[in-house]
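Student: Structure for the following, please:
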Amino acid sequence: MLIHNTSGTYRVDNRVRLSGRKKAMLVLGFLLTGVLSSLSDFHLERLLGMEYSYFLDILQHGGYYFLFTLFLIWVLPHERKSVSFFLMIFTISVFFEFLQFFIPGRTFTGLDIFSNFMGISTAFVLFNQVYRDKKNTWTRHRR
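Tutor: Coordinates of the predicted model:
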């Protein structure tokens, strides 16, 4: 979009404008993450009637942030390669983990943060790899 300056020149406005629906989806995504992070004693193995397992805990944290990151990239596709976007998602995950320190029945551990980081990283790498391959395939068929 070209914007007319008072000096009589034009500049390009590169800001991305989000529709009301996308804004609502982002708010709901973050609210869901906050609610799930604040539920007291919310562990998948308890819901399944199993003993605590490090593997299941890693899978739960990493899997959730993998899906959450894919959701965010789907809503904000222009951010798919942004390092600052990656860091923002990771910082938010650390914030929610830190809040668990104050919630009875929840714990704040480095393992959870590492699992979140791995889920976010895997989603970024996988999405960008699939996007690149899809783009290359489309370009080859177009010729």
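Student: Now do the residue nearest to the spatial centre of the chain against residue 26, distance only.
Tutor: Most central in the chain under Cα atoms, centre = their mean is residue 69, positioned 2.5 Å from the mean C-alpha point. Going from residue 69 to residue 26 by Cβ to Cβ, to the nearest Å gives 13 Å. All C-beta spots, glycine's among them, are computed from the backbone N, C-alpha and C.
Student: next one: residue 41
Tutor: Separation of residue 41 from residue 26 (Cβ to Cβ): 28 Å.
Student: For those two, indicate the residue with more neighbours.
Tutor: Neighbour count, other Cβ atoms under 10 Å: between residue 41 and residue 26, residue 26 has more, with 15 against 9.
Student: And the next helix or strand past the one helix or strand the more buried one maps to?
Tutor: Assessed by DSSP states H and E, residue 26 sits inside helix 20-38. Using DSSP H and E, the helix or strand that follows helix 20-38 in sequence is helix 44-47.
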